[in-house]
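Colleague: Starting from these lines, generate the structure:
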Amino acid sequence: MYIKKVVLEGFKSYAQRTEIDGFDPLFNAITGLNGSGKSNILDAICFLLGITNLSQVRAGNLQDLVYKGGQAGVTRATVTITFDNSDSRQSPLGYETYEEITVSRQRAFGTTQEQ
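Modeller: Here you go, the predicted model:
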C-alpha cells in the first residue's frame, strides 16, 4: 500500500484545493523553492494520520493548521489521502478487496469538532 494522491484544502499554506498525485510506489521526493509549502505536505500527512504532538507539525494549536488561522475567509483545513491498495498482501485487515482506500480529516476554524 502506498500514497496515490494527496488533496489539501485550507491546510496551512494551501488556501485553494490542491491535488498532488503521481506518487511512485517505491520512492518519492518533494522539491521546490524555500517557502513553497514542501514541509506542509508532510505536515498534512502527519495530521491525517492522527499526530497528537502539534510541535511536530510546527503548530502551536490546531487553529494554526487552517490557512492564515481562518483570518482570510478560509474556515476549515481538510486533508484527504488516497492509498493504492491493489496489493492485497499489504492491505489492512478487512480491506483486502478494495483497490483504493481514501481517508480524510478536517479541522474547522473556531470549533473543537473534527470529522
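Colleague: what comes up buried for stretch 57-69?
Modeller: Val57, Ala59, Leu62, Gln63, Leu65, Val66, Tyr67 (16 or more other C-beta atoms under 10 Å). (C-beta placed from N, C-alpha, C; glycine too.)
Colleague: Check what contacts that stretch and list those residues.
Modeller: Stretch 57-69 has contacts (C-beta atoms under 8 Å, 6 or more residues apart in numbering) with 10-15, 39, 43, 46-47, 51, 54, 70, 74-77, 107, 109-110.
Colleague: how about 7 Å then?
Modeller: The contact list for stretch 57-69, computed with C-beta atoms under 7 Å, 6 or more residues apart in numbering, reads 10-12, 14-15, 43, 46-47, 51, 54, 70, 74, 76-77, 107, 109.
Colleague: Confidence-wise, which of these comes last?
Modeller: Least confident entry in those, by pLDDT: Phe109, with 70.
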